[in-house]
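Asks: only geometry, no sequence info:
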């Protein structure tokens, strides 16, 4: 603890505050708020009831106005803390509101109506987590089905990505042949072509080979990524050629060289690509939306969009499911951070 | 088993010719060292023999069979690489077994061979470690072990000692020599270090710029170098070369003037030497001695290196540099003038093209001003 606080409160000048210390603090704290604020808001808001979400001014924490059942009234009544004309404050239940006057009763003596100006009362609120935001989609919607589709697409696409891209990278890094650099350049050049440009032809192809409304139609167009080939090739270039020569002397076939020597040694780069691929495939929205039109095939991201209807957006479900959807990606980041940073540093890519 | 014949080997990388018409026959059980400055093509020649590079021309025969189009794996050779090239993700045991597994050898035999090689090289204790957990010397042994378990027709070693520190290099060198004696299989050893070449080789192949300059036993090369390059490359410190010309030639004696007037008296001489012929006199630093005769040519000392057992002096005689290794400890300092003469030991004469005219074991010779 001592070491941590010493590290955090370390200052440039040793004693006193240098202006760069202040700038650093402002920058870091501001950055933290900007980056982390929306995530915190999302987390807490996913526990709010629809009423609390619509409330103005918005709150960070999920509050609920307390309600009480009062004798003689069918509906539960909302509790308020009211300041009475005699200067005392009392917890009262609101029966109805007329203009700026609120008619209230004492829950313990419900016979008498007390009139209070609405400016003189504040709602009695307690924190409450609307866990039904999470539980209901599991029951009402095909959440589990969407989750399974997402997992299937992500895992399969990532595995195929790793195999296909590492093979291409192996050939482009360890074999000498005419046009090697040209091939690499062409692959890299495809980085500049955005999905929106090739969407229509890609759609034609997918539909022509009958993969429309099929999870493979989501998986196959994404597995060969120029980024993946580039990351792996750059890494494989650092594997000494002498190792490959040694394996050749050891009677290893080209497949064995790839599978038993190069692939294990490229593990750090493969890990980086695996992480990227999982995140990409998990968060894919546009392409699955185009290819998949049957509900039971939806991935999570597409499934989430159906909570947003034409007339009515069920924000509480969207927020809650967004949190659930984020969990795998966040876990990947937490546990594989080290690989990601080395990967980014190693390739200069994001 | 283990005869290798190279006939007119040519190798080019694109437009660059790396090997020119290399011819060499290596006998079974021989330890042949390829030596030469970096870039001379010695490693390329080794890789050509190994099958890791294809030849551009000529033929390679192993045990009488032409192997030009045989893959590296099928040639039955084993190679020890400069960087050892151990598979970092495998344990020592897996490293040793990898080649045997690939040739579909039964498990029991693999275990036996790995165990045998490990005992021979004293690496049994590290069999379950990975190369990253071993010291340089241990890695070296594993690399050799990986070659031994294959029981190859011949071993190819590419500068195997260059990554070791000086002390370890000397002891490993001795072990390699012992290993060769024990396995008595053909070995081809590439190095740029002439001391390694001299100590290990049955025969040395001196290479320069893709050509073989001379092939011979270490002492052959030392005593009768075929040309200036070999003479300068073999022996440490390297040979002194003095430009000169034949001043007198009578019968079987001759006088050569070098370094602006120093006269070298030679008797007897052989070969063609005519008065006025330009040539180079080569004399090893060990073969110069302090002259008792004060009229002998004097060398002005520029640097004195006292090594304890011997003293190396760097001097200048009429503007030509000269180095001499004197026995024991000498009380000279830079700036002194020392009279030098030739010891009764070989002297080498080279013609204008650098080819040897003759070397003189046992001739009478002396220097005079």
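Replies: Now that the structure is in, tell me what you want to look at. Remember, it's a predicted structure, so these values are computed and weren't measured experimentally.

Asks: The residue of the stretch 101-250 of chain B at minimum distance from chain A - nearest residue in space that isn't next to it in sequence?
Replies: Proximity of the stretch 101-250 of chain B to chain A (Cβ to the nearest Cβ) peaks at residue B:102, 4.0 Å away. (C-beta placed from N, C-alpha, C; glycine too.) Counting by Cβ to Cβ, 6 or more residues apart in numbering or on different chains, residue B:102 lies nearest to residue A:251, which is 4.0 Å off, once chain neighbours are set aside.

Asks: so the one you found, which of the three states?
Replies: For residue A:251, the assignment made with DSSP: H, G, I helix; E, B strand; the rest coil gives coil.

Asks: Just to check, it is in contact with residue B:104?
Replies: No - with contact defined as Cβ atoms under 8 Å, residue A:251 does not count as touching residue B:104 (9.2 Å).

Asks: Show me which positions of stretch A:192-208 end up buried.
Replies: Buried residues in stretch A:192-208, counted by 16 or more other Cβ atoms under 10 Å in any protein chain shown: A:202-203, A:206.

Asks: And residue A:230, what's its pLDDT?
Replies: Note on residue A:230: pLDDT of 93.

Asks: and it, what element?
Replies: According to DSSP states H and E, residue A:230 maps onto helix A:226-237.

Asks: That helix and chain B, any residue contact?
Replies: No - using Cβ under 8 Å from any Cβ of the partner chain, helix A:226-237 stays clear of chain B, coming no nearer than 14.0 Å.

Asks: If you count neighbours, what's buried in that helix?
Replies: For helix A:226-237, the neighbour count (16+ other Cβ under 10 Å) marks A:226-236 as buried.

Asks: try stretch A:47-64
Replies: Neighbour-count burial for stretch A:47-64, counted by 16+ other Cβ under 10 Å, picks out A:47-49, A:52-53, A:62-64.

Asks: Output the residues you listed in CSV; the columns should cover distance to chain B.
Replies: CSV is the format used below for the buried residues of stretch A:47-64 (distance: Cβ to the nearest Cβ, whole Å):
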residue, distance to chain B
A:47, 47
A:48, 51
A:49, 55
A:52, 55
A:53, 53
A:62, 50
A:63, 56
A:64, 57
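
Asks: Residue of chain B closest to chain A, please.
Replies: For chain B, Cβ to the nearest Cβ, closest residue to chain A: residue B:99, 3.4 Å.

Asks: Neighbours of residue 218, how many?
Replies: Since no chain was named, I'll use chain A. Other residues lying near residue A:218 total 27 when counted by other Cβ atoms under 10 Å in any protein chain shown.

Asks: Chain B was what I was after
Replies: By the criterion of other Cβ under 10 Å, residue B:218 has 18 neighbours.

Asks: repeat for residue A:223
Replies: Residue A:223: 19 neighbours (other Cβ under 10 Å).

Asks: Next, give phi and psi for it.
Replies: phi -70, psi -30 (degrees, to the nearest 10).

Asks: How far off centre is stretch B:285-300?
Replies: From the chain centre to the centre of stretch B:285-300 is a distance of 30 Å (Cα atoms, centre = their mean, to the nearest Å).

Asks: Now do stretch A:238-255: distance from first to last residue.
Replies: For stretch A:238-255, the first-to-last residue distance is 19 Å (Cα to Cα, to the nearest Å).

Asks: pLDDT averaged over it, what's the number?
Replies: Mean pLDDT, computed over stretch A:238-255, is 92.

Asks: Repeat that for stretch B:208-217.
Replies: 93.

Asks: contacts for that stretch?
Replies: B:11, B:17-24, B:36-37, B:39-41, B:201-207, B:221, B:224-227, B:229-230 (Cβ atoms under 8 Å, 6 or more residues apart in numbering or on different chains).

Asks: Walk me through the domains of the chain.
Replies: This is for chain A. A:11-45, A:63-127, A:133-347 (automatic domain parsing).

Asks: Let me rephrase: I mean chain B.
Replies: Domains of chain B are assigned by automatic domain parsing as B:4-233, B:240-368.

Asks: and the ones you listed, which one is worst for confidence?
Replies: Among the domains of chain B, domain B:240-368 scores lowest, with a mean of 82.

Asks: Spatially nearest residue to residue A:315, not counting backbone neighbours?
Replies: Spatial nearest neighbour of residue A:315, excluding adjacent residues (Cβ to Cβ, 6+ apart): residue A:53 at 5.3 Å.

Asks: On the three-state scheme, that neighbour is what?
Replies: The three-state assignment at residue A:53 reads helix, by three-state DSSP.

Asks: Contact partners for it?
Replies: The neighbours of residue A:53, taking Cβ under 8 Å, 6+ apart as the test, are A:45, A:315-316, A:319.

Asks: re the thing from before, using neighbour counts, give me the buried entries of the contacts of stretch B:208-217.
Replies: The buried subset of the contacts of stretch B:208-217 - by 16+ other Cβ under 10 Å - is B:11, B:18-20, B:22, B:24, B:36, B:40-41, B:201-207, B:221, B:224-227, B:229-230.

Asks: Residue 276 is in what secondary structure piece?
Replies: I'll assume chain A. Residue A:276 belongs to helix A:267-283 when assigned by DSSP H and E.

Asks: just the angle between the helix holding residue A:230 and helix A:267-283, please?
Replies: Angle of helix A:226-237 versus helix A:267-283, following axes from the mean of the first three to the mean of the last three Cα atoms, to 10 degrees, is 170 degrees.

Asks: what helices or strands is helix A:226-237 leaning on?
Replies: helix A:143-174, helix A:180-189, helix A:267-283, helix A:315-347 (3 or more Cβ pairs under 8 Å, 6 or more residues apart in numbering or on different chains; DSSP states H and E).

Asks: Same list (those helices) but as TSV, adding mean neighbour count and mean pLDDT.
Replies: Shown next, in TSV, are these (neighbours: other Cβ atoms under 10 Å in any protein chain shown; pLDDT from 0 to 100):
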stretch	mean neighbour count	mean pLDDT
helix A:143-174	19	93
helix A:180-189	13	93
helix A:267-283	20	89
helix A:315-347	16	77
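
Asks: Please list the residues of chain B that sit near chain A.
Replies: Counting by Cβ under 8 Å from any Cβ, the residues of chain B lying close to chain A are B:47, B:50, B:52, B:71-73, B:77-79, B:81-83, B:85-89, B:98-99, B:102-103, B:146, B:150.

Asks: and the residue of the stretch 51-200 of chain A nearest chain B?
Replies: The nearest approach of the stretch 51-200 of chain A to chain B comes at residue A:176, 10.4 Å away (Cβ to the nearest Cβ).

Asks: now swap in the stretch 251-350 of chain A and tell me
Replies: residue A:251 (4.0 Å).

Asks: can you name the farthest residue from the center of chain A?
Replies: Relative to the centre of chain A, and counting by Cα atoms, centre = their mean, the farthest-placed residue is residue A:86 at 53.4 Å.

Asks: tell me which element that one is part of?
Replies: Counting by DSSP H and E, residue A:86 is part of no helix or strand.

Asks: For it, report the pLDDT, please.
Replies: On the pLDDT scale, residue A:86 is placed at 80.

Asks: Against residue A:111, how distant is it?
Replies: From residue A:86 over to residue A:111 the distance is 19 Å, taken as Cβ to Cβ, to the nearest Å.

Asks: who does the longest helix anywhere in chain B touch, helix- and strand-wise?
Replies: Using DSSP state H, we find that the single longest helix of chain B is helix B:166-183. Counting contacts by 3+ Cβ pairs under 8 Å, 6+ apart, helix B:166-183 packs against helix B:136-148, helix B:194-200.
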